[in-house]
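task: produce atomic coordinates for the following.
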Amino acid sequence: MASDSFKIVGLAGSLRRASFHRGLIRAARELAPEGVTVEPYEELDKIPFFNQDVEDRGDPAPVKAFKDTIH
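All right, here's what the predicted structure looks like:
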């Protein structure tokens, strides 16, 4: 991505495929101005609930993937 571009990661508040939130993310993607990309994050349902015992051993793969996406 060029240095003058901007990326927004869209997180839908509902995991349902046809949710209103997903529709808003699609609309934002279509209406984004030049230099702005809107990327829906489709793997939110794979992120486990917080568990300190698990975190102490390191990030599970879905958590690492999410962090890599938003970083």
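
C-alpha only now, for contacts and for neighbours.
OK.

and Lys7, bridged to which residues?
On the basis of DSSP bridges, Lys7 is bridged to Thr37.

and Glu43, what is it in contact with?
Pro62, Phe66 (CA atoms under 8 Å, 6 or more residues apart in numbering).

how much space separates it from Pro33?
To Pro33, Glu43 is 25 Å away according to CA to CA, to the nearest Å.

what do you get for Thr69?
Thr69 is 21 Å from Pro33, where distance means CA to CA.

one more: Asp68?
24 Å.

which segments of the chain make up each domain?
Per automatic domain parsing, the structural domains of the chain span 1-40, 44-71.

pick the most buried one from those.
domain 1-40 (a mean of 13; mean count of other CA atoms under 10 Å).

pLDDT score for the residue nearest the centre of the chain?
In the chain, the residue lying closest to the centroid (CA atoms, centre = their mean) is Tyr41, at 3.1 Å. With respect to pLDDT, Tyr41 scores 94.
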